[in-house]
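Q: Give me a 3D structure for the following:
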Amino acid sequence: MDPHLLRTFVAVVDNRSFSAAARELGYTQSAVSQHIAALEADLGAPLVERRPVGPTAAGERLMEHARPLLLRLEAARADIARFHATRPARLAVAATPLSLTPSLARALARIRSSAPGLAVTLAVLGREAVLAAVMAGDADTGLVDGAAAPSDPLPLPGPGPLATTAVAEQPLVVLLPAGHPLTCRSSLRLPDLTDAHWLDAPDTAVPLAQLRATARTDGFRPQVSYRGTDIRGVGTLVAGGHGLAALPRTAAAGLPGTVAVPLSEPRLVHRTEALHPPDPAAPVPELLAALAT
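A: Just a heads-up that it's a prediction; the model follows:
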C-alpha cells in the first residue's frame with residue numbers, strides 16, 4: 001500500500017472534499033482523484049463516496065488503520081534520522097495539561113541551570129498529539145497521564161518503539177458542583193456513578209473510555225464535550241452543572257464552585273509517564289532523573 005495514496009485518502013476524509021485535500025497537500029484536484037482511484041483499485045473496494053464526499057463502510061475501516069500506519073512511518077523516519085542528525089542543543093517537551101505540574105517546572109529549571117545554552121521548548125497538547133509528536137521526533141520526550149491501577153502502566157494506544165518511564169502517581173477524585181447531593185460523602189465508588197452525567201474532556205480529565213474500561217460498563221455517557229486544554233475550563237463546566245469529571249487531587253484543588261471527593265473503589269491512581277526513544281539523547285535522561293526526584 002503506497003503511503004502517499006494513504007495520506008491523500010486521510011486528507012480527503014478529514015476535509016470531506018477533494019479540492020480542500022488538494023490545497024492541503026499541494027496537489028491538483030485531478031491528482032487527488034487519481035490517488036483515490038489507485039488506492040481503491042489496489043484494495044479492490046470503493047473507499048470514498050463522491051457526493052457528498054465521505055468514507056464508505058470500507059473507507060471507515062481503512063481509517064482505523066490509516067493514522068497508526070502513517071504515524072509509524074513518521075516514527076521510523078525520525079528514529080533513523082537520530083543516527084546521523086547533528087542538532088543544536090535543545091530539549092523539546094510535549095506535555096498533556098494535567099502533566100504540566102510544578103514538579104515539571106522545577107525539573108526544567110534544574111536542566112537549564114546545568115546547561116545554560118540549552119534551548120527549551122514546551123508544548124501543551126492532547127494525549128494523542130503528545131504521542132504523535134514524540135514518535136515523529138518533533139518532541140524529545142512527552143508526558144502523558146491517565147487512570148491506572150497502582151503501579152500499572154498506562155493503557156497507551158500502541159506507542160510502537162517508544163519506552164515509558166513512570167514519573168508520578170497521585171490519588172484520583174471526582175469533581176462535583178458545589179451543592180451536589182454527593183458532596184457530603186467521604187468517598188465515592190466508581191460503579192455507583194455509571195449513570196451520572198459526565199463531562200467529556202479527554203485531554204483535561206481522565207478519558208471516559210478509561211472509566212468505562214475500568215468499570216466494565218458502557219455507562220459514563222457525556223452530557224457536554226470539552227475539547228480545550230485549560231483545566232479551569234473543566235472546573236467552570238463542572239461548577240455550572242454540566243457533568244462530573246475525574247481528576248488528580250492536585251488539579252482539582254481550588255477550582256471555584258466545585259468539590260472534590262476521593263475515589264475509593266476500584267483502586268485507581270492518576271499516573272503520569274514520560275514517553276521517549278529507548279536510547280534518548282541528552283538531556284532527556286537528566287530530565288527524567290529530575291522528575292523522579
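Q: Tell me how far the closest residue to Asp203 other than its chain neighbours lies from Arg16.
A: The spatially closest residue to Asp203, leaving aside those adjacent along the chain, is Gly126, at 3.8 Å (C-beta to C-beta, 6 or more residues apart in numbering). (Glycine included, C-beta is placed from N, CA and C.) Using C-beta to C-beta, to the nearest Å, we find Gly126 at a distance of 22 Å from Arg16.
Q: so what's the residue nearest to the spatial centre of the chain scoring on pLDDT?
A: Centroid check for the chain by C-alpha atoms, centre = their mean gives Arg127 as the closest residue, at 1.1 Å. At Arg127 the predicted local confidence, pLDDT, stands at 86.
Q: now whichever strand in the chain runs longest, how far from the chain's geometric center?
A: In the chain, assigned by DSSP state E, the strand with the most residues is strand 163-177. Taking C-alpha atoms, centre = their mean, to the nearest Å, one finds strand 163-177 lying 14 Å from the centre of the chain it belongs to.
Q: List the buried residues for that strand?
A: For strand 163-177, a neighbour-count test (16 or more other C-beta atoms under 10 Å) marks 165-168, 171-177 as buried.
Q: Around the nearest residue to Leu122 once chain neighbours are set aside, count how many other residues there are.
A: Nearest-residue entry for Leu122: Val93, 5.0 Å, with adjacent residues in sequence omitted and distances by C-beta to C-beta, 6+ apart. Neighbour count for Val93, taken as other C-beta atoms under 10 Å: 26.
Q: Surely Val93 is in a strand?
A: Yes. Under DSSP: H, G, I helix; E, B strand; the rest coil, Val93 falls within a strand.
Q: What's opposite it in the beta bridge?
A: Note on Val93: beta-bridge partners Leu122, Thr141, judged by DSSP bridges.
Q: what's Ala274 in contact with, if anything?
A: Applying C-beta atoms under 8 Å, 6 or more residues apart in numbering to Ala274 gives the contacts 141-143, 164-165, 167, 287-288, 291.
Q: And the furthest pair within those?
A: When the contacts of Ala274 are compared pair by pair using C-beta to C-beta, the farthest-apart members prove to be Thr164 and Leu287, with a separation of 14.3 Å.
Q: So if I had to pick from Gly126 and Arg16, which one is more boxed in?
A: Between Gly126 and Arg16, counted using other C-beta under 10 Å, the more crowded position is Gly126 (18 against 14).
Q: From Leu108, how far out is that one?
A: For Gly126, the distance to Leu108 - C-beta to C-beta - is 21 Å.
Q: same question, Leu247
A: Counting by C-beta to C-beta, the gap between Leu247 and Leu108 amounts to 23 Å.
Q: Then Arg67?
A: 30 Å.
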